[in-house]
Each structure stands twice: as structure tokens, then as C-alpha cells.
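Undergrad: Okay, sequence plus prediction incoming.
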Amino acid sequence: MLAVQKIEKATLVESSQKFVTDKTNISSILNAFEENTDQFKEYTDPISNKLQSESYYSLAFFKGKENETPQKGTYAIHLFDDDTMIFTDVTKNKSYINQDPNDDLLNIFKNMISIP
């Protein structure tokens, strides 16, 4: 499952919450990232600073079957209003930022999950 939420200056916009359960769509999102890893570099600044001060969409991946309590997945993606994208590998506790915030990859992600 993929949970998509709009966060504005550290506050959840509840009307923006949506859940994607289509495994094909979720796989497409992950594949789009994996096919474009060369467009990212490691992000070494504390991500919490950026998350607290800016508006963004949070994409959180969860594991588990329907009717089970979901478990946190391996990845989280943050799509910021300034077209910056930060991809976090939760298991490795590492984050990666897109090197060119104006690239097409961000639009691909936004189109896949139908966000403005």
C-alpha cells in the first residue's frame, strides 16, 4: 500500500490523504525511481529541517496484506513544492535528493499518483 499525504509546514492536510493499493501502480512508481537513480545524489542534511519548514507530498510505502495492520515499508518519497524530491531508503537510513529539481521525473511521479 502507498499512503499519499499533503503536508503544509509540518501540518497534515487531511483532505489530501489518499491510499493507493494497486500493486502495478506502486511497482511503476518504484521502477521509475530505480531506473533514474543517476539523477539523485545522497542528501546529508538533516531531512527533518526541510520537512518542518516546507510544504510537500509524502509518499509512504507499507508492507502487508489487506485486513492486516500495515508495516512500514522500505521507502519514503517527499515531493516538495519547489520541485525538489527526496527519496529515503528507510532500511539504510539514507536519503537521496534529485540533482535537477526541474527534471521530468518529478512530473512522472505526480502524474502516477494524480497530484497537482
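TA: Looks like it came in fine.

Undergrad: gap between residue 34 and residue 57?
TA: Separation of residue 34 from residue 57 (Cβ to Cβ, to the nearest Å): 20 Å. To be clear about C-beta, it is placed using only N, CA and C from the backbone, and glycine gets the same treatment.

Undergrad: between those two, who's got more neighbours?
TA: residue 57 (21 against 8; other Cβ atoms under 10 Å).

Undergrad: Can you tell me the SS state at the one residue sitting closest to the centre of the chain?
TA: For the chain, residue 77 is the residue whose C-alpha lies nearest the centre (Cα atoms, centre = their mean; 1.8 Å). Look at residue 77: counting by DSSP: H, G, I helix; E, B strand; the rest coil, its state is strand.

Undergrad: Bridged to it, which residues?
TA: residue 59, residue 87 (DSSP bridges).

Undergrad: what's the spacing between it and residue 49?
TA: Taken as Cβ to Cβ, the span from residue 77 to residue 49 is 18 Å.

Undergrad: what's the answer for residue 38, then?
TA: Distance from residue 38 to residue 49, by Cβ to Cβ: 26 Å.

Undergrad: mind listing what's buried in the top helix by length along the chain?
TA: The longest helix of the chain (DSSP state H) is helix 23-34. By neighbour count on 16 or more other Cβ atoms under 10 Å, the buried set for helix 23-34 is 26, 29-30, 33.
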